[in-house]
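Enquirer: Got a predicted model here, sequence first, then my questions.
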Amino acid sequence: MSDAGAAQNVNRIAALREKLAAEGLDALLVTEPHNRRYLTGFTGSAGTVLVAADRVALATDFRYWEQAESQKGHGVDVFKQEGKLSAWLPGLMAGLGGKKIGYEAGDVSVALHKQLREAIAGMPTGDRVSLVQSEGLVEELRAVKDEAEKDALERAVQLGDKAFEDVAARIEPGWTEKKVAWEIERYAREHGAEGLSFPTIVGGGPWGAMPHAYPRDEPVREGEPIVIDMGVVIDGYCSDMTRTVVLGRPDAQFDTVYEIVLTAQETAEATIEAGMTGEQAHMIAQAIIAEAGHGERFGHGLGHGVGLEVHEHPRVGSTSPDLLEEGMVITVEPGIYIPGWGGVRIEDQGVIENGKLRVFTRAPKLRMTGA
């Protein structure tokens with residue numbers, strides 16, 4: 001890990017310790033993979049992090065010992081797991097007898113919880129700890145991005161923009177939705193993406209009325225809206241962008257619906273500010289779409305946080321109490337979906353900076369090939 005990365009790692013652990021103290025916890029077992037990476041720098045697929053007041057231990061098995069040593073952040077010790085959980089957990093918990101140890105309830109399965117309790121029950125009485133359910137402690141920290149994270153996110157968006165622009169300029173009637181998705185992935189990977197944030201969504205014509213349409217072997221057709229929702233990963237961080245395109249001339253309904261969605265999106269982007277709740281941000285776009293007579297056809301939230309995962313805290317939706325804060329990276333993605341006709345969604349990604357939303361996404365918001 002670089003010196004800058006080590007400093008971020010130290011700051012993140014210090015912030016988590018403050019949250020643990022506020023929750024009355026003496027330590028936290030971190031099992032969620034993205035949280036594990038956020039706190040330690042370790043990108044392996046298996047491991048448990050113990051964050052206590054006086055130490056941070058990254059427990060992993062033989063497959064990852066060398067990787068963990070090379071990736072671990074400042075102050076992180078690698079704890080070598082050997083054998084069953086009941087064999088190595090007592091060593092990881094050494095010195096914490098009688099303490100309250102939080103675990104990530106959103107990630108720990110019923111089976112793992114049972115194993116943890118049985119392992120603790122097998123320890124000498126004085127060494128036993130108390131397991132306490134916790135939720136969202138690391139995720140709340142991850143919601144506010146530091147400068148390195150914002151840089152990675154912006155670079156991911158830039159690559160996503162280029163992938164979209166390259167493919168959108170080449171789409172022809174007769175390409176299948178699967179071909180559109182594959183061409184986007186191929187460009188992204190050939191130009192430095194680690195992977196995709198999620199399987200690319202491509203919905204042509206009436207299929208686009210489903211917000212999460214999957215690409216089919218069906219060809220895209222001239223004159224029909226094509227919803228393309230895509231994202232790439234750079235340095236572990238995700239982009240998320242949607243554009244709706246048309247090959248040739250669209251029908252009159254497209255022009256009307258597209259203008260409503262575009263107005264809702266650009267108004268929300270210009271109006272969102274730090275201190276708003278997710279609900280207040282959502283209602284900016286919702287009000288415009290409802291006033292145009294399509295309120296019931298915008299049924300999902302306006303957006304969400306993006307970072308190491310493509311969907312993170314905060315949630316920007318009709319019932320979200322989450323406060324929007326400086327440094328949060330969110331999407332703004334209103335849409336209208338009309339069964340039997342199709343859909344229009346437009347999505348950008350940006351950061352709340354100096355109280356307002358600074359948009360990262362630069363891909364054209366309308367591409368009328370052959371028009």
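Expert: Now that the structure is in, tell me what you want to look at. Residues are numbered from 1 along each chain as shown.

Enquirer: As a check, name the ranges of all strands in the stretch 251-371 of the chain.
Expert: Ranges of strands within the stretch 251-371 of the chain are 303-305, 312-316, 329-332, 335-338, 342-345, 348-353, 356-359, 368-369, based on DSSP state E, counting those that start in this stretch.

Enquirer: Name the spans of the protein whose pLDDT lies under the cut-off.
Expert: Where the chain drops to pLDDT under 70, the residues are 1-7, 367-371.

Enquirer: okay, now the domains of this structure?
Expert: Taking automatic domain parsing as the reference, the chain has its domains at 3-142, 147-369.

Enquirer: Out of the strands of the stretch 251-371 of the chain, the one nearest Ile272 is which?
Expert: Ile272 lies closest, by Cβ to Cβ, to one member of the strands of the stretch 251-371 of the chain: strand 356-359, at 4.7 Å. Using the backbone N, CA and C atoms, a C-beta is placed for each residue, glycine as well.

Enquirer: Against which helices or strands is that closest one packed?
Expert: With contacts taken as 3 or more Cβ pairs under 8 Å, 6 or more residues apart in numbering; DSSP states H and E, strand 356-359 sits against helix 252-271, strand 329-332, strand 348-353.

Enquirer: of those, which approaches Arg128 most closely?
Expert: strand 329-332 (41.3 Å).

Enquirer: Give me the buried positions along that closest one.
Expert: Neighbour-count burial for strand 329-332, counted by 16 or more other Cβ atoms under 10 Å, picks out Val329, Ile330, Thr331, Val332.

Enquirer: Packed most tightly, which of the domains of the chain would that be?
Expert: Sort the domains of the chain by mean neighbour count, taking mean count of other Cβ atoms under 10 Å, and domain 147-369 sits at the top with a mean of 20.

Enquirer: Leu302 reaches Val332, doesn't it?
Expert: Yes - between Leu302 and Val332 there is a contact under Cβ atoms under 8 Å: 6.1 Å.

Enquirer: Tell me the residues that contact both of the two, please.
Expert: Contact criterion Cβ atoms under 8 Å, 6 or more residues apart in numbering; residues shared by Leu302 and Val332: Ala268, Ala285, Val316.

Enquirer: And those, which is closest to Ala59?
Expert: Looking at the shared contacts of Leu302 and Val332 and their distance to Ala59, the nearest is Val316, at 35.7 Å (Cβ to Cβ).

Enquirer: That closest one bridge partners, please.
Expert: Beta-bridge partners for Val316, by DSSP bridges, are Gly303.

Enquirer: how close does it get to Val310?
Expert: Val316 sits 14 Å away from Val310 when distances are taken as Cβ to Cβ, to the nearest Å.

Enquirer: repeat for Ala27
Expert: In terms of Cβ to Cβ, Ala27 sits 30 Å off from Val310.

Enquirer: Do a quick rundown of the helices in the chain.
Expert: All helices of the chain, identified by DSSP state H, fall at 3-23, 33-40, 65-71, 85-92, 110-121, 137-142, 147-168, 177-190, 252-271, 278-291.

Enquirer: closest to Gly47 out of those helices?
Expert: Of all the helices of the chain, helix 33-40 sits nearest to Gly47, with 5.9 Å by Cβ to Cβ.

Enquirer: Helix 147-168 and that closest one, what's the angle between them?
Expert: On the basis of axes from the mean of the first three to the mean of the last three Cα atoms, to 10 degrees, helix 33-40 is oriented at 140 degrees to helix 147-168.

Enquirer: Using CSV, list the CA coordinates for helix 33-40.
Expert: Presented in CSV, the C-alpha positions along helix 33-40 are these (Å, rounded to 0.1, in the frame of the first residue of the first chain):
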residue,chain,number,x,y,z
PRO,A,33,-15.6,-7.9,1.5
HIS,A,34,-15.8,-4.3,0.5
ASN,A,35,-15.6,-3.2,4.2
ARG,A,36,-12.6,-5.4,4.6
ARG,A,37,-10.9,-3.8,1.6
TYR,A,38,-11.9,-0.3,2.7
LEU,A,39,-10.2,-0.7,6.2
THR,A,40,-7.1,-2.8,5.3
